[in-house]
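1. how would this look folded up:
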Amino acid sequence: EIHANPSADAGLDKAACIGESIVLADATPDTADVFLWDDGGAGGTFTPSDTVLNLTYEGAPVGVHVLTLLATNSTTGCDTVDTLQATIHPEPVVEAGTDKTGCASAPILLDDADGGAGDGFLWIDNGAGGSFSPKPRVQNPSYSNPRAGFYTLTVTATVSSTGCDSFDSLDVEIDAQPVV
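-> Numbers count the residues shown, from 1 in each chain. Presented below is the predicted three-dimensional model:
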């Protein structure tokens, strides 16, 4: 007796940032009931295992990886293969710059920050009450705070085309204005 191969769909191509998981939840089995996923040696991990139809894939390096689904009908032994592409994007390498010292209410230039491949930026002072000029959404603003103290400034850089982001921090020491 000749049996038809089952049909199976591995799902749509997926993308994630390095370190994130890719949820493979749209694979469909048709008449297959035994599954085996493979990443061609890319080094990722399938969770809970590579024998589950809908699972999570993580741990692969940056690049485009072909994920292969082998779907078998255990009654007939017939099988089929389908693939999808899993693209892992890098994070931007961001450097907040060197630690700074300045005076209360005087602008401190954050001119040595480097957002790498990032094209979107957000600076925060973690609620310290200072301000960024011209705004906190530029790579190299200036920072001022009317109160003396030690503050940590954090910049997050985002690559808009992928949504991948990364952050770095620097410390700022604000001295009181001298009394004259």
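2. so which residues of the chain form helices?
-> Secondary structure of the chain (DSSP state H): no helices located.
3. give me the phi and psi angles of the spatially closest residue to Ser166 that is not a sequence neighbour.
-> Closest residue in space to Ser166, ignoring its immediate chain neighbours: Glu91 at 4.1 Å, by Cβ to Cβ, 6 or more residues apart in numbering. Where C-beta positions appear, they are placed from N, C-alpha and C, glycine not excepted. When read as degrees, to the nearest 10, the backbone of Glu91 gives phi -80, psi 150.
4. do you know how far Glu91 is from Ile124?
-> Between Glu91 and Ile124 the distance, using Cβ to Cβ, to the nearest Å, works out to 18 Å.
5. give me the more crowded residue out of these two.
-> Per other Cβ atoms under 10 Å, whichever of Glu91 and Ile124 has more neighbours is Glu91, with 21 against 16.
6. pretty sure the more buried one contacts Gly163?
-> No: Glu91 is beyond contact range of Gly163, at 10.5 Å (criterion: Cβ atoms under 8 Å).
7. quick check: buried residues in stretch 122-129?
-> 122-125, 128 (16 or more other Cβ atoms under 10 Å).
8. that stretch: how far from the chain's middle?
-> Mean-position distance between stretch 122-129 and its chain equals 22 Å (Cα atoms, centre = their mean, to the nearest Å).
9. now do the same contact list for Asp50.
-> 36-38 (Cβ atoms under 8 Å, 6 or more residues apart in numbering).
10. for Glu1, see how far away it is.
-> Using Cβ to Cβ, Asp50 is found at 31 Å from Glu1.
11. what's the answer for Leu12, then?
-> 35 Å.
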